[in-house]
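[1] pasting the structure only:
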C-alpha cells in the first residue's frame, strides 16, 4: 500500500512525463528530430519523480531544475512547479499544442542550455557520446 501512495501523489509528474514521451514518440514516427528541450524536460521530470520516491536531493540536477522551478519548489514546500517554458500559458494548452517550447526561456549554464541528462547519457552510452557536437557524424 505504501508505494501506491507515491504513485498517487506523483500523478501530475507521471502524467506530464507520459504526455511528453508520447508527443516525442509521435514526432519520431513522423521522422522528425526530437526536440532537445523537451527531452531535457523529460529528464528533469524523471529526476523529480526519483526524488518523490527516494527523498534524496542528489538526484536533482539543480543547474537546470532550480531555474525551471522543479527542485526549488520541492525543496521549499514539497510541491514542484514549472516556470513558463512553453509558448502556451498553461500546461493543459501546451499538451494540446504539442508542447511548443520557448527556447529563449530555457535556463542557461555557462552560456549554454542547462541539461539534466548528462549522467544518463554517459552511463548508457559513453562520455564520448555525450560530448558529440552537432557537426558531421561520419
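    Noted; the coordinates are in hand. Here the structure is a predicted model, which is why all the values come from computation and not from measurement. Residues are numbered from 1 along each chain as shown.
[2] which residues in the chain form helices?
    Secondary structure of the chain, counting by DSSP state H: helices at 2-9, 11-29, 36-54, 62-68, 70-77, 91-96, 118-124, 127-130.
[3] same for the fourth one, what does it pack against?
    Contacts of helix 62-68 with other secondary structure elements, assessed using 3 or more CB pairs under 8 Å, 6 or more residues apart in numbering; DSSP states H and E, are made with helix 36-54, helix 70-77. Yep, even glycine has a C-beta here, placed from its N, CA and C like the rest.
[4] That one - what's its average pLDDT?
    Averaging pLDDT along helix 62-68 gives 90.
[5] For that helix, buried residues please.
    Burial within helix 62-68, assessed by neighbour count using 16 or more other CB atoms under 10 Å, is assigned to 64, 65, 66, 67, 68.
[6] do the second one as well
    Residues of helix 11-29 classed as buried: 13, 14, 16, 17, 20, 23, 24, 27 (neighbour count, 16+ other CB under 10 Å).
[7] Just confirm the fourth one contacts residue 44, I think it does.
    No. In this structure, residue 17 is not within contact of residue 44 by CB atoms under 8 Å, at 10.0 Å.
[8] joint contacts of those two?
    Residues touching both residue 17 and residue 44 by CB atoms under 8 Å, 6 or more residues apart in numbering: none at all.
[9] what about residue 85, distance to residue 45?
    The gap separating residue 85 from residue 45 is 12 Å, by CB to CB, to the nearest Å.
[10] what packs against the least confident helix or strand in the chain by mean pLDDT?
    In the chain, the helix or strand scored least confidently by mean pLDDT, DSSP states H and E is helix 2-9, which has a mean of 70. Judged by 3+ CB pairs under 8 Å, 6+ apart, the packing partners of helix 2-9 are helix 36-54.
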